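K.L.:
Just a sequence and a predicted model for now, questions to come.
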Amino acid sequence: MDYVVLARKYRPTRFAELIGQDTVSRALKNAVLGGRVAHAFLFAGSRGVGKTSTARILTKALNCLSPSEGEPCNGCDNCREIASNSAPDVFEIDAASNRGIDNIRELRENAKYTPVKCAFKTYIIDEAHMLTMESFNALLKTLEEPPPHVKFILATTSPHKIPETILSRCQRYDFGRISVRMMADYLEKVTLSEGIKLSRKSLELISRNAAGGMRDALTAVDQVVSFAGMGATDEEVAGILGLMDNREVFDLLSAVLDKSLPRALETFKGIIEHGHDLETLLEALILEIKDFTLFLALPENDPAFTDHLQDTLDFFQSHRARVTQDELQQLFYLFLEVEGQLKRSEFARACFEMGLAKACSVAPLVGVPDLLAQVRGLMGGASRPADQRPPQPRSGLRQAEPPPPQSVPAGGRMSGREPADSHPPRAHLPEDKEESEPAPRPAHQQAPLSSVPPKAPLERQAPPLAAQPAAQPAAQPAAQPAAQPAAQPEAQPEVQPEAQPEVQPEAQPEVAEWI
């Protein structure tokens, strides 16, 4: 009999055998038991997590001649034919190679006919996101209202590429990645049944490299057995799979944390001489720095560290006092820049060595409170008590200065500088003019424009010099007696009561202007 790889030999055949997909298996099993199986399903998840295997198990459970509590018996003719891919009513279509609209039209025509042997005609479309938009549109009506004897199961690793019109017509189940610990436990059972001798550390290393896919982990075990036989050491497993040994990565990271550039360059040279790729080394280094940062930020019993190797946790615990989270974050972004340089530059090794030189000179960041404390210490403010510090003026405002003292001379006038809101200083005039001529009012004390009387015409404001003597009452004693007796008795009764309050304010500014 031909050899069968472990990934096919240990493929799940029942819902109970699915690893890490308890929610999906329970929901589908209950749907089969209750007779409430939908007409279309969408299985989404990463590679190797059991999407196609679950589709086959569901197909066998629907068409099994003697099911047991929702599980297929795997012994009847229908189960054996479905498992061997020879059932006439089960169609597994690879959408990557059958993605055209003609293939979907053929599918629609065949779906009209009743199944030959099974209870349901099942279409399993793998990598469904590879179908064209025209194929999706041609499948819409059949997918929404298929014949009662037809079931559709779509499997994809990229559910975001599936149109919304297709998603709304399917029951979606998301398959999660299998944890490292759960995968290592299953690999331990498989290697024990096959007689393969691998340590727990090697199994955890294989599981972590599989990135949550059980098929990749079983394929890696086959690869190790092909190279080293039925037994292999941890170093051989890492070398076969092209993985970086944790001890080499930890030696390099320890030299960087100790700021020892000679030791870091020597360790880096030894890793390169062993044949490891620069990108693989850089990826491992970045991941360890990320995990170390989380180890310092989270409690030790956090579930995020359940999948980590014990050697990794011991290294983090022994080096946690040498570094801070700020330094690790600087190292993380520094090596991310080195990764971009490796992809663009032809001098990859030189870029890596310069990145190590820069990483060994990383210093912890100084916070703003520490900087302020240092500034206060330099200025002498640290020794001054907080309650005796002078109040600081508010930014953008000028502190007001106290007005200078004012002195009052013997004459009664105040001397010195007046406040800013007082009247402007008056000019020094002779005593006779100060008494007879009133000082003009400042601009801010004048009456508003609405209350100021209109100015007189130009000829009244500036009369000719010949008319000035006539305006004085003492210059013409003889011409006034005839006009005064006739004008006074008529003008006083009409002007005296009404013009008195209005004429009085008009006379004052005119006198000031004349003067």
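P.N.:
Noted; the coordinates are in hand.
K.L.:
From here on, just use CA atoms for contacts and neighbour counts.
P.N.:
OK.
K.L.:
Next up, the contacts around the residue nearest to residue 135 when sequence neighbours are not counted.
P.N.:
Among residues not flanking residue 135 along the chain, residue 101 sits closest, at 4.5 Å (Cα to Cα, 6 or more residues apart in numbering). Neighbour list for residue 101: 132, 134, 135, 138 [criterion: Cα atoms under 8 Å, 6 or more residues apart in numbering].
K.L.:
I'd guessed the last one sits against residue 104; true?
P.N.:
Right, the one you point to is residue 138. Yes - using Cα atoms under 8 Å, residue 138 is in contact with residue 104, at 6.8 Å.
K.L.:
more neighbours, these two?
P.N.:
Remark: of residue 138 and residue 104, residue 104 carries more neighbours, 19 against 16, as counted by other Cα atoms under 10 Å.
K.L.:
Please identify the helix or strand for the more buried one.
P.N.:
helix 101-111 (DSSP states H and E).
K.L.:
Now do the buried residues in that helix.
P.N.:
By 16 or more other Cα atoms under 10 Å, the buried positions in helix 101-111 come out as 101, 104, 107, 108, 111.
K.L.:
Including distance to residue 95 and pLDDT, could those residues go into JSON lines?
P.N.:
Shown next, in JSON lines, are these (distance: Cα to Cα, whole Å; pLDDT from 0 to 100):
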{"residue": "101", "distance to residue 95": "11", "pLDDT": "87"}
{"residue": "104", "distance to residue 95": "10", "pLDDT": "89"}
{"residue": "107", "distance to residue 95": "12", "pLDDT": "89"}
{"residue": "108", "distance to residue 95": "15", "pLDDT": "89"}
{"residue": "111", "distance to residue 95": "17", "pLDDT": "90"}
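K.L.:
Helix or strand next in line after the helix or strand encompassing residue 296, which one?
P.N.:
In the assignment (DSSP H and E), residue 296 maps to helix 278-297. In the C-terminal direction, the helix or strand that comes right after helix 278-297 (DSSP H and E) is helix 310-319.
K.L.:
next helix or strand past that next one?
P.N.:
With elements assigned by DSSP H and E, the helix or strand that comes after helix 310-319 is helix 325-344.
K.L.:
Only the buried residues of that next one, if you could.
P.N.:
Within helix 325-344, the residues that count as buried by 16+ other Cα under 10 Å are 325, 327-328, 330-332, 334-336, 338-339, 341-342.
K.L.:
same question for that helix, mean pLDDT?
P.N.:
Taken as a whole, helix 325-344 has an average pLDDT of 90.
K.L.:
Distance from it to the middle of the chain?
P.N.:
In terms of Cα atoms, centre = their mean, to the nearest Å, the centre of helix 325-344 is set 19 Å apart from its chain centre.
K.L.:
Pull out the buried residues from whichever helix or strand comes after it.
P.N.:
Scanning forward in sequence from helix 325-344 by DSSP H and E, the next helix or strand is helix 348-359. Within helix 348-359, the residues that qualify as buried are 348, 351, 352, 353, 355, 356, 357, 358, 359, counting by 16+ other Cα under 10 Å.
K.L.:
So the third one sits against residue 336, correct?
P.N.:
No - taking contacts as Cα under 8 Å, residue 352 lies outside contact range of residue 336: 11.1 Å.
K.L.:
distance of residue 158 from residue 42?
P.N.:
Per Cα to Cα, to the nearest Å, residue 158 is found 11 Å from residue 42.
K.L.:
Between these two, point out the one with more neighbours.
P.N.:
It is residue 42, of residue 158 and residue 42, that has more neighbours when counted by other Cα under 10 Å, with 25 against 14.
K.L.:
Could you list the low-pLDDT ranges of the stretch 251-400 of the chain?
P.N.:
365-367, 381-400 (pLDDT under 70).
K.L.:
run the last query once more with 80
P.N.:
Across the stretch 251-400 of the chain, the ranges flagged by pLDDT under 80 are 274-276, 300-310, 364-371, 374, 380-400.
K.L.:
Show me what counts as buried in the helix holding residue 296.
P.N.:
So helix 278-297, judged by 16+ other Cα under 10 Å, has buried residues 278, 281-282, 284-286, 288-289, 291-296.
K.L.:
swap in stretch 169-182?
P.N.:
Those buried within stretch 169-182 under the rule 16+ other Cα under 10 Å are 169-170, 172-182.
K.L.:
With stretch 195-214 instead?
P.N.:
Neighbour-count burial for stretch 195-214, counted by 16+ other Cα under 10 Å, picks out 196-198, 201-214.
K.L.:
Next: stretch 300-317.
P.N.:
Within stretch 300-317, the residues that count as buried by 16+ other Cα under 10 Å are 305, 309, 312, 316.
K.L.:
still on that earlier bit, could you let me know which of the buried residues of stretch 169-182 ends up closest to residue 66?
P.N.:
Using Cα to Cα, residue 173 comes nearest to residue 66 of these, at 26.3 Å.
K.L.:
related to what we said a few turns ago, could I get the buried residues of helix 278-297 in CSV, plus columns for distance to residue 8?
P.N.:
CSV is the format used below for these (distance: Cα to Cα, whole Å):
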residue, distance to residue 8
278, 34
281, 32
282, 34
284, 31
285, 34
286, 35
288, 34
289, 37
291, 34
292, 37
293, 39
294, 38
295, 38
296, 42
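K.L.:
Of these, which is the nearest to residue 115?
P.N.:
residue 284 (52.8 Å).
K.L.:
Would you pull up how far stretch 203-220 lies from the middle of the chain?
P.N.:
31 Å.
K.L.:
Stretch 8-28 now?
P.N.:
Relative to the centre of its chain, stretch 8-28 is centred 36 Å away, using Cα atoms, centre = their mean.
K.L.:
Mean confidence (pLDDT) on that stretch, please.
P.N.:
Stretch 8-28 shows an average pLDDT of 92 in the prediction.
K.L.:
ok, residues contacting that stretch?
P.N.:
Contacts for stretch 8-28 (Cα under 8 Å, 6+ apart): 29, 37, 50, 53-54, 57-58, 71-72, 74, 173-179, 182-183.
K.L.:
Which members of those occur in strands, if any?
P.N.:
173, 174, 175 (DSSP state E).
K.L.:
Dump these to JSON lines, plus pLDDT and distance to residue 150.
P.N.:
Shown next, in JSON lines, are these (pLDDT from 0 to 100; distance: Cα to Cα, whole Å):
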{"residue": "173", "pLDDT": "94", "distance to residue 150": "19"}
{"residue": "174", "pLDDT": "94", "distance to residue 150": "23"}
{"residue": "175", "pLDDT": "94", "distance to residue 150": "24"}
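K.L.:
buried set for stretch 360-370?
P.N.:
Neighbour-count burial for stretch 360-370 flags 360, 362 (criterion: 16+ other Cα under 10 Å).
K.L.:
Can I get that stretch in CSV, CA atoms only?
P.N.:
Taking C-alpha atoms only, stretch 360-370 is exported to CSV below (Å, rounded to 0.1, in the frame of the first residue of the first chain):
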residue,chain,number,x,y,z
CYS,A,360,23.3,49.1,21.4
SER,A,361,23.2,52.9,21.9
VAL,A,362,19.6,53.3,22.7
ALA,A,363,19.0,55.1,26.0
PRO,A,364,15.8,55.3,28.1
LEU,A,365,13.6,58.2,27.4
VAL,A,366,13.3,61.1,29.9
GLY,A,367,9.8,62.2,30.8
VAL,A,368,8.5,65.7,31.0
PRO,A,369,8.3,65.7,34.8
ASP,A,370,11.9,64.6,35.1
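K.L.:
Many thanks, we can stop here.
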